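Visitor: Just to be clear, the model below is a prediction. Sequence and coordinates:
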Amino acid sequence: MRLTILGGGGFRVPLVYGALLGDHAEGRVTHVTLHDLDAGRLGAVVRVLAEQAGDDPGAPAVTVTTDLDEALTGADFVFSAIRVGGLEGRAADERVALAEGVLGQETVGAGGIAYGLRTVPVAVDIARRVARLAPDAWVINFTNPAGLVTEAMSRHIGGRVIGICDSPVGLGRRIARVLGAHPDEAWIDYVGLNHLGWVRGLHIAGRDQLPRLLGDPGLLGSFEEGRLFGPDWLQSLGAIPNEYLHYYYFNREAVRAYQEAKQTRGAFLRDQQARFYEEMRRADAPALETWDRTRAEREATYMAENREAAGVGERDACDLESGGYEKVALALMRAIARNERTTLILNVRNRTTLSLLDEDAVIEVPCFVDAGGAHPVSVAPLPDHATGLVCSVKAVEREVMAAAESGSRATAVKAFALHPLVDSVSVARRLLDAYTSEHPGLAYLNRK
């Protein structure tokens with residue numbers, strides 16, 4: 001089976017390859033094609049993968065290319081893990097938003113909209129090429145903003161694109177551990193959009209254990225989300241929110257923490273990864289050791305500003321382990337390629353799952369997965385407070401897609417202005433002006 005990774009020079013590619021090395025079953029991935037526009041980054045990643053594989057005779061073969069059509073032709077699965085504008089673009093997204101006093105995170109608020117406006121046209125082009133060159137391939141989308149990008153691609157290749165994220169997996173794992181259960185034995189009632197979802201139940205042996213957790217402030221305060229949001233707020237919600245909802249529920253505190261930080265998350269990752277790739281230019285650099293050290297630092301500093309705003313300490317050791325999105329991706333491929341039926345939380349077309357959204361809207365919910373793809377599970381309606389957020393953010397995503405298709409500046413302004421975390425139409429206009437100045441790739445937004 002042939003796997004193509006777009007963004008194959010990206011820092012997290014070795015996580016995926018490591019997961020593939022552990023798969024020895026019949027029908028496994030035997031060939032990986034890495035595609036990237038930067039040949040130097042491809043070379044660095046190939047060195048890490050070679051050390052990962054060692055002398056394993058069953059390790060998937062790896063080839064590299066900077067030609068997109070060549071990379072797609074003959075693929076069975078395509079992982080889309082691109083970053084349009086690179087980490088320099090992410091740092092600019094954060095800097096522009098914070099100058100206006102609004103959030104610049106890459107998937108939430110103004111930063112997410114700017115990133116989406118840059119990424120959607122590229123993702124749509126990829127989807128069209130997949131339809132032409134690899135019509136039977138399944139696309140697994142890692143590219144942020146994951147829900148938005150998945151929906152944009154689905155307009156061209158339908159249900160053959162599935163978005164994945166490790167945030168719901170990590171959240172469910174933490175809740176299960178606190179309750180003394182093995183994460184693989186729990187059914188997680190999770191629903192929402194990407195980076196905008198809630199765990200409303202966690203069923204173990206047929207019984208919902210979430211009420212026990214919500215009724216115990218000590219247990220609630222013993223894991224990441226409990227410390228981040230506070231037991232009182234979680235009890236008020238009657239659910240456990242995805243960590244990214246901290247940007248909504250504690251927006252002023254989060255923005256202030258980002259403004260006061262030595263550097264933003266994007267700037268930190270830009271500088272950190274620049275050091276990694278520079279180090280990898282040395283022929284004698286220990287590739288895997290260098291990558292491991294860099295990854296550990298990356299994970300330890302994840303959402304550091306939010307934890308600072310909430311007055312909580314460092315991440316738990318168990319949350320620094322790998323085993324997130326790459327394992328979700330491997331399980332997804334196994335289920336489709338071998339009909340190994342499983343249940344995963346994925347970003348897929350709504351169909352009739354949430355009545356408040358149309359059937360083509362991409363949502364994030366538990367899905368049964370088999371050879372026919374991912375099938376969303378029926379879920380109970382969202383409470384009113386969650387319905388409002390989901391509908392508002394989905395409306396913004398739709399405006400981003402409309403602006404990307406039409407090139408309309410007015411529609412792009414509308415996307416910014418309608419977001420719950422952007423508090424003024426005037427701010428929205430200034431944001432778009434500043435982002436257009438920062439990113440040449442937004443020059444297409446030149447129509448009324």
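Guide: Structure's in. What do you need?

Visitor: In which helix or strand does the nearest residue to G116 once chain neighbours are set aside reside?
Guide: Excluding the flanking residues, the one nearest G116 by Cβ to Cβ, 6 or more residues apart in numbering is V400, at 4.5 Å. For every residue, glycine as well, the C-beta is placed using N, CA and C. Per DSSP states H and E: V400 is located in helix 384-406.

Visitor: And L3, by the same measure?
Guide: strand 2-6.

Visitor: May I have the strands that pair with that strand, each with its orientation?
Guide: According to DSSP bridges, strand 2-6 has the following sheet partners: strand 31-35 (parallel), strand 77-80 (parallel).

Visitor: List just the one of these that sits closest to S437.
Guide: strand 77-80 (27.8 Å; Cβ to Cβ).

Visitor: Mind checking what helix or strand follows that closest one in sequence?
Guide: Downstream of strand 77-80 (by DSSP H and E), the next one is helix 86-99.

Visitor: What's the mean pLDDT across that next one?
Guide: Here helix 86-99 scores 96 as its mean pLDDT.

Visitor: Next: stretch 340-359.
Guide: 96.

Visitor: Between the two ends of that stretch, how far is it?
Guide: Length of stretch 340-359, first residue to last, Cα to Cα, to the nearest Å: 26 Å.

Visitor: got a list of what the most centrally placed residue in the chain touches?
Guide: The central residue of the chain, meaning the one whose C-alpha is nearest the mean C-alpha position (Cα atoms, centre = their mean), is C165 at 4.6 Å. C165 is in contact with 146, 194-195, 325, 328, 345, 347, 364, counting by Cβ atoms under 8 Å, 6 or more residues apart in numbering.

Visitor: 10 Å - rerun?
Guide: Residues near C165 by Cβ atoms under 10 Å, 6 or more residues apart in numbering: 107, 141-142, 144, 146-147, 150, 194-195, 197, 242, 244, 324-325, 328, 345-347, 364.

Visitor: what are the ranges of the strands in the chain?
Guide: 2-6, 31-35, 61-65, 77-80, 138-141, 161-163, 186-193, 196-204, 207-208, 240-241, 342-349, 362-370, 373-376 (DSSP state E).

Visitor: Tell me the gap between the last one and the middle of its chain.
Guide: What it means is strand 373-376. Centre-to-centre, strand 373-376 and its host chain are 18 Å apart (Cα atoms, centre = their mean, to the nearest Å).

Visitor: mean confidence for the helix holding V400?
Guide: When pLDDT is averaged along helix 384-406, the result is 97.

Visitor: correct me, but P168 touches I363?
Guide: No - using Cβ atoms under 10 Å, P168 is not in contact with I363, being 11.8 Å away.

Visitor: Find residues that contact each of these two.
Guide: In contact with both P168 and I363: 191-192, 194, 197, 346-347, using Cβ under 10 Å, 6+ apart.

Visitor: out of the residues you listed, who's nearest A374?
Guide: Among the shared contacts of P168 and I363, L346 lies closest to A374 (Cβ to Cβ), at 5.1 Å.

Visitor: ok, now how distant is the closest one from W233?
Guide: For L346, the distance to W233 (Cβ to Cβ, to the nearest Å) stands at 28 Å.

Visitor: out of those two, which sits in the more crowded spot?
Guide: Using other Cβ atoms under 10 Å as the criterion, L346 and W233 rank with L346 on top: 28 against 14.

Visitor: Does the more buried one touch E364 like I think?
Guide: Yes - here L346 reaches E364: they are 7.1 Å apart, a contact under Cβ under 10 Å.

Visitor: Residues in contact with both of those two, list them for me.
Guide: Here L346 and E364 have 146, 150, 163-165, 168, 194, 376 as joint contacts, going by Cβ under 10 Å, 6+ apart.

Visitor: May I see the PyMOL selection of the buried members of those residues?
Guide: Here is the PyMOL selection string for the buried members of the shared contacts of L346 and E364, based on 16 or more other Cβ atoms under 10 Å:
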select buried, resi 146+150+163+164+165+168+194+376
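
Visitor: which of the shared contacts of L346 and E364 lies closest to L103?
Guide: The closest of these, once distances to L103 are taken by Cβ to Cβ, is N194, at 16.1 Å.

Visitor: residue contacts, the nearest residue to the closest one once chain neighbours are set aside?
Guide: Leaving aside its sequence neighbours, N194 sits nearest to G147 (Cβ to Cβ, 6+ apart; 3.4 Å). When contacts are counted by Cβ under 10 Å, 6+ apart, G147 touches 107, 116, 141, 163, 165, 192-197, 347-348, 361-364, 393-394, 397.

Visitor: do V425 as well
Guide: Residues near V425 by Cβ under 10 Å, 6+ apart: 413-414, 416-418.

Visitor: From E278, how far out is it?
Guide: Remark: distance between V425 and E278 (Cβ to Cβ) = 43 Å.

Visitor: repeat for S406
Guide: Taken as Cβ to Cβ, the span from S406 to E278 is 41 Å.

Visitor: more neighbours, those two?
Guide: For S406 versus E278, neighbours defined as other Cβ under 10 Å are more numerous around S406 (15 against 12).

Visitor: Nearest residue to the more buried one in space, please, no chain neighbours.
Guide: Sequence neighbours aside, R447 is the residue nearest to S406 in space, at 6.5 Å (criterion: Cβ to Cβ, 6+ apart).

Visitor: Could you tell me how far the one you found is located from L202?
Guide: Going from R447 to L202 by Cβ to Cβ gives 48 Å.

Visitor: of those two, who's got more company?
Guide: A count of neighbours by other Cβ under 10 Å puts L202 above the other of R447 and L202, at 26 against 12.

Visitor: I figured that one hits G180, correct?
Guide: No - judged on Cβ under 10 Å, L202 makes no contact with G180 at a distance of 11.6 Å.

Visitor: so what sits against both of these two?
Guide: Counting by Cβ under 10 Å, 6+ apart, the contacts common to L202 and G180 are Q209.

Visitor: mind listing what T73 touches?
Guide: By Cβ under 10 Å, 6+ apart, T73 lies in contact with 2, 4, 33, 67, 129, 132-134, 137.

Visitor: With neighbour count as new columns, can those residues be given to me in a markdown table?
Guide: Shown next, in a markdown table, are the contacts of T73 (neighbours: other Cβ atoms under 10 Å):
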| residue | neighbour count |
| --- | --- |
| R2 | 19 |
| T4 | 28 |
| T33 | 22 |
| D67 | 9 |
| R129 | 17 |
| R132 | 11 |
| L133 | 17 |
| A134 | 23 |
| A137 | 22 |
